[in-house]
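# Sequence and predicted structure below; questions after.
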Amino acid sequence: MTRISTSHLLKSTFIMLSIAVLFSCVTMASADTADQPNVLYIMSDDHCAQAVGAYGGRLAKLNPTPVIDQLAKEGMLFDNCFCTNSICAPSRACVLTGQYNHTNGAYDLGDRVEPENQTLAIKMREAGYETAMVGKWHLKVLPNFDYYKVLPGQGNYIDPTFRDIDAGEWGKNSVQMKGHSSDCITDISLEWLKKRDKTKPFFLMHHYKAPHDMFTYAPRYEDYLEEIDIPEPKSLWTQPNFGSIATRGHEDECWPYIGTSIGLRHYKRNYARSWAKEATNDVDAKRIAYNVYMKKYLRCVKGVDDNLGRLFAHLRETGELDNTVIIYTGDQGFMLGEHDYMDKRWMYDDSQRMPFIVRYPKSIEAGSRTDAIIENVDFAPTMLEMAGIEVPESMQGQSFKSLLETGVEADDWKNVAYYRYWMHMAHHWNPGCVGVRTKEYKIIYYYGCSYTGTNQTPPGWELYDLTKDPTEVNNVYDDPTYADIAKEMKALLAKRRAEIGDTGEDYPECEAIVQEFWDYDEADRAKAIQISHEYKERCESGSRDTRGPVKVPNVKYTNDGFIEPADSKAPLRELDGMKEISRDAVYKVSHPGQTGFNPDLPYLLSGDGPKIKGQSFHSAIDAQSPNIVIRLAEPRAIGCVQIINRTTGCQERAEGLTLSISSDGKTWQQVWQAEKVEQAWKVTLDEAAKAQYLKLALPGRGTLHLNKVTVFGE
């Protein structure tokens with residue numbers, strides 16, 4: 001039962017009154033360039049529509065977003081805004097380029113958008129805008145903006161490090177701030193807005209890290225929702241005909257091996273392992289884990305919303321509020337327990353749908369709402385046209401400026417959303433898929449393979465009648481009454497693929513699998529059942545991924561598979577009278593992770609640090625006892641080991657890290673275990689021990705990724 005305290009209700013009432021004043025106050029001064037609006041693009045990470053009060057979902061009564069809700073009352077809210085690939089970097093690439101991922105090249109988290117291809121920022125600058133990028137960037141390379149101060153990689157929630165244009169060359173310009181990332185990011189934007197060139201309009205991309213997992217909130221929100229039971233989605237418990245052989249396996253045999261779960265369903269990736277360790281059954285595990293993680297998530301959301309109040313207050317005080325096109329969105333949706341799933345990646349609406357709200361009182365009617373279908377590739381063309389800038393031919397998206405101004409869809413509007421998820425079975429065990437969504441129906445084709453056509457999971461099709469089944473719990477693909485609809489939707493999918501150029505030529509082995517099971521006749525179904533059996537057997541044997549060893553391009557390996565360090569001109573270091581003895585050492589990762597997460601493998605022991613990521617290596621996710629073995633050039637007297645944890649979030653994964661030494665790489669002696677998670681450890685041996693091998697390992701299952709290791713001795 002939900003319990004909301006009287007004090008909480010009074011506090012919420014005061015907040016709503018304050019927000020109404022914030023937006024309704026008369027603008028005190030005219031903007032410097034009234035003919036050209038400022039553009040403020042605000043994007044949170046993993047903030048889904050279900051967690052925005054204005055959308056009226058199950059969480060609205062908790063009042064998590066009063067500031068954003070007021071924005072919606074003053075502008076237009078979109079019910080059908082969808083990302084084309086529900087994962088961080090690819091979605092951001094679509095926004096910046098106006099292109100689908102197969103065109104802009106950012107297929108997954110390992111990809112980037114080079115500075116010369118950051119079209120939205122370039123066109124804004126060319127049109128006279130002063131441009132800035134603040135907060136979560138996630139595209140690895142230099143942001144092509146007049147100003148930037150961005151998190152490296154995922155970044156840290158607490159006391160985050162930023163790459164600051166004012167602190168030097170990209171990659172060598174790290175500065176640290178104190179406090180929670182949402183507060184810091186808002187402080188940065190406010191400072192830039194105060195100091196910017198007032199003779200120019202501004203284009204600011206203001207990106208929060210929150211509420212990305214693992215949902216670390218500012219301490220001041222500890223009591224928010226403390227005594228409240230979070231409303232649960234019905235599909236957490238009941239979904240009569242959900243999914244297919246592709247997501248459940250033949251007769252549900254793969255149900256424990258696909259999609260991270262809230263409760264104990266998934267045998268490795270589930271939230272119960274983190275937040276319901278005491279639970280002895282799945283019902284209790286689901287309920288406990290759901291409430292813990294939802295409160296963490298919503299506290300992060302609350303921090304974003306409160307900080308937006310600060311940002312909008314500044315615009316009001318400076319007279320810029322009504323001459324600024326304000327957009328609020330998330331980089332994709334997020335599963336909040338629906339279907340017993342968490343994270344994003346799925347094509348189901350909770351993951352595919354993005355919250356999208358636009359306020360610009362000069363041309364957008366307050367309190368308007370539309371069910372027109374838009375995609376994140378449409379954002380850039382729309383912002384450009386709102387700024388009076390011609391949309392370049394390179395952009396595949398369409399401007400919906402006229403929709404914002406009239407509330408009416410253009411006659412030639414596309415009325416279909418395209419989706420393609422490429423990161424087959426990475427991290428949260430989601431199979432690769434492609435599909436389209438209209439206002440009435442959604443078809444999803446899980447082709448189930450990697451880029452190279454390997455690591456197959458059972459292929460299958462799903463069709464949902466969104467009018468009768470808006471929560472997508474009844475797959476009607478095999479329902480005879482929907483046979484004609486299924487054919488029409490498959491034809492629409494093929495047509496849309498051709499129109500936007502997703503032909504499969506970039507990854508032909510994958511496309512061969514896509515074509516093989518497209519018809520899905522009896523022979524295809526029989527083969528899908530066999531693939532289901534094989535995948536289950538791989539999971540049970542602990543070898544679900546059949547890609548083989550990861551070999552990263554431009555990395556040198558020894559004949560026995562050890563990674564050689566990158567050359568470095570940095571002088572050898574000294575520590576406590578001991579010399580650096582690991583510069584020419586080599587190392588090996590026990591469970592190699594994805595290539596895209598390991599571009600910096602040569603830098604773990606080099607005199608230089610990682611160039612792209614916050615870690616030099618990244619093991620496979622949730623591996624059994626992941627470790628690295630370091631081999632020195634010869635046996636040495638080891639006195640001290642300096643270990644630097646990953647610098648871009650997820651440091652908690654190093655909990656329980658151990659260090660062992662060996663003379664032959666076979667018989668090991670553990671000499672240290674971390675008492676708590678730190679950004680760095682200095683491990684001093686009581687007595688220098690002669691050894692040639694060192695092993696850093698996690699106990700049990702986990703994910704290992706470190707930034708740098710340096711060994712000192714004689």
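Nice, thanks for sending it over. Residues are numbered from 1 along each chain as shown.
# quick one: the helices in the stretch 251-400 of the chain?
272-275, 282-317, 349-352, 379-386 (DSSP state H, counting those that start in this stretch).
# Kindly report the same for the stretch 101-250 of the chain.
101-104, 119-126, 181-195, 245-248.
# For residue 229, find the nearest of those.
helix 181-195 (25.6 Å; C-beta to C-beta). Where C-beta positions appear, they are placed from N, C-alpha and C, glycine not excepted.
# Identify the residues contacting the closest one?
For helix 181-195, contacts defined as C-beta atoms under 8 Å, 6 or more residues apart in numbering pick out 132, 134-136, 147, 149, 151, 155-158, 160, 162, 177-179, 202, 204, 206-210, 218, 300, 303-304, 307-308, 310-311, 314-315, 318.
# Single out the most deeply packed of the helices of the stretch 101-250 of the chain.
Comparing the helices of the stretch 101-250 of the chain by mean neighbour count (mean count of other C-beta atoms under 10 Å), helix 245-248 ranks first with a mean of 24.
# Can you spell out which helices and strands pack onto it?
strand 460-465, helix 522-541 (3 or more C-beta pairs under 8 Å, 6 or more residues apart in numbering; DSSP states H and E).
# With distance to residue 426 and mean pLDDT added, can I get those in CSV?
CSV is the format used below for those (distance: least, C-beta to C-beta, whole Å; pLDDT from 0 to 100):
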stretch, distance to residue 426, mean pLDDT
strand 460-465, 19, 98
helix 522-541, 15, 95
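# and these, which is most packed in?
Ranked by mean neighbour count, those are led by strand 460-465 with a mean of 24 (mean count of other C-beta under 10 Å).
# That one: what's the following helix or strand?
Next in sequence after strand 460-465, counting helices and strands by DSSP states H and E, comes helix 483-500.
# for residue 452, phi and psi?
phi -100, psi 10 (degrees, to the nearest 10).
# Contact partners for the residue nearest to it when sequence neighbours are not counted?
The spatially closest residue to residue 452, leaving aside those adjacent along the chain, is residue 509, at 4.8 Å (C-beta to C-beta, 6 or more residues apart in numbering). Counting by C-beta under 8 Å, 6+ apart, residue 509 makes contact with 449, 451-454.
# Next, the angle from the helix or strand where residue 509 lies to helix 483-500.
Element membership for residue 509, per DSSP H and E: helix 508-516. On the basis of axes from the mean of the first three to the mean of the last three C-alpha atoms, to 10 degrees, helix 508-516 is oriented at 150 degrees to helix 483-500.
# could you dump helix 508-516 to CSV, C-alpha only?
The C-alpha trace of helix 508-516 is given here as CSV (Å, rounded to 0.1, in the frame of the first residue of the first chain):
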residue,chain,number,x,y,z
PRO,A,508,27.1,-9.4,-44.7
GLU,A,509,27.4,-12.4,-42.3
CYS,A,510,24.8,-10.9,-40.1
GLU,A,511,22.5,-10.0,-43.0
ALA,A,512,22.7,-13.6,-44.2
ILE,A,513,21.1,-14.7,-41.0
VAL,A,514,18.5,-11.9,-41.2
GLN,A,515,17.5,-13.2,-44.7
GLU,A,516,17.7,-16.9,-43.7
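# got the buried residues for it?
510-511, 513-514 (16 or more other C-beta atoms under 10 Å).
# thinking again about what came up before, out of the helices and strands packed on helix 245-248, flag the one nearest residue 56.
Proximity to residue 56, assessed across the helices and strands packed on helix 245-248 by C-beta to C-beta, is greatest for strand 460-465 (20.9 Å).
# Strand partners (parallel or antiparallel) of that closest one?
Strand 460-465 has the following strand partners under DSSP bridges: strand 441-446 (antiparallel).
# number of nearby residues for the closest residue to residue 556 other than its chain neighbours?
Nearest residue to residue 556, sequence neighbours excluded (C-beta to C-beta, 6+ apart): residue 564, at 4.2 Å. By other C-beta atoms under 10 Å, 17 other residues sit near residue 564.
# Fine by me, we can end here.
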